[in-house]
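In: quick check, what structure comes out for this input:
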Amino acid sequence: MEQNRFRSTVKWLGAFSDKIIVHCPNCNSKAQLLRRWAEYRKYNDPYDFQCNHCHTEVRELEKHIYSINRNCPFCAEIMTYKSAPTTKIKKEIEVSCDQCQKKLCYPPKIEIIKEWISKGKTVELHYWYETKYKGEWFWALNEEHLEYLEQFIASKLRERSLYRSGMMLVDKLPQFIKDKKNRDSLLKTISKLKEK
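Out: As a prediction, this is how the structure comes out:
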């Protein structure tokens, strides 16, 4: 596919994330994660797993990692805390200062991680459109995302959108995708991924 011009549209990775194509952890066929819009959140939206081949059940489990990095108001010593992943919801964490032994409660910074559970075990989900390219991971969430990347890579002239607010998806692409010397081999890689 030879294309001379790519006009960047105002797109972020989230624009492609309503449906994510993955390998089924049970039968290794093509499966999908579908965004659960009824529980829409700005970040870390919940997804439903669906494999039409083996109909295995995979459920999403959301865990939280709580962390605190503050200066003690009594002695100015740095207090740090990081929890193990947990399903418990905490609004405040009690931390103790190693220097003066004072105990204080603070609202923590929360990192949300997702685990996928199948048959009582944690499983990893891998993108269907994923491969190693010169030691780097090349991946796409779904067919639409792969097509977008293909159009970007195939173009010889890449124009930025005039209607931008912040960095777009193409701005955040790794350098190996942007390098013109990789154009032909990356297009062959995309062609192989499409044939899967």
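In: which ones are touching Y127?
Out: Neighbouring residues of Y127 by Cβ atoms under 8 Å, 6 or more residues apart in numbering: 20-23, 139-141. Quick note: C-beta positions are derived from backbone N, CA and C, even for glycine.
In: wait, which of those residues is closest to L34?
Out: Checking the contacts of Y127 against L34 with Cβ to Cβ, the nearest one is I20 at 8.3 Å.
In: any idea how far the closest one is from G14?
Out: 11 Å (Cβ to Cβ, to the nearest Å).
In: got TSV for the contacts of Y127, with pLDDT too?
Out: As requested, the contacts of Y127 are exported to TSV (pLDDT from 0 to 100):
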residue	pLDDT
I20	96
I21	98
V22	98
H23	97
W139	97
A140	97
L141	96
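In: so for stretch 131-138, what gets flagged as buried?
Out: Judged by neighbour count (16 or more other Cβ atoms under 10 Å), stretch 131-138 contains these buried residues: F138.
In: how distant is that stretch from the center of its chain?
Out: From the chain centre to the centre of stretch 131-138 is a distance of 17 Å (Cα atoms, centre = their mean, to the nearest Å).
In: for this structure, what spans make up the helices?
Out: 143-154, 175-178, 183-194 (DSSP state H).
In: not counting residues beside it along the chain, what's closest to K172?
Out: L13 (7.8 Å; Cβ to Cβ, 6 or more residues apart in numbering).
In: burial count for that neighbour?
Out: 11 (other Cβ atoms under 10 Å).
In: do the same with L61
Out: Neighbours of L61 (other Cβ under 10 Å): 12.
In: let me know whether it touches G120 as I believe.
Out: No: L61 lies out of contact with G120 (Cβ atoms under 8 Å); the separation is 11.5 Å.
In: I'd like the helices of the chain laid out as TSV, including mean pLDDT, distance to P108 and mean neighbour count.
Out: TSV is the format used below for the helices of the chain (pLDDT from 0 to 100; distance: least, Cβ to Cβ, whole Å; neighbours: other Cβ atoms under 10 Å):
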stretch	mean pLDDT	distance to P108	mean neighbour count
helix 143-154	93	34	18
helix 175-178	93	35	13
helix 183-194	96	40	15
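In: reformat those as CSV; add distance to A84.
Out: Below are these laid out as CSV (distance: least, Cβ to Cβ, whole Å):
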stretch, distance to A84
helix 143-154, 33
helix 175-178, 35
helix 183-194, 37
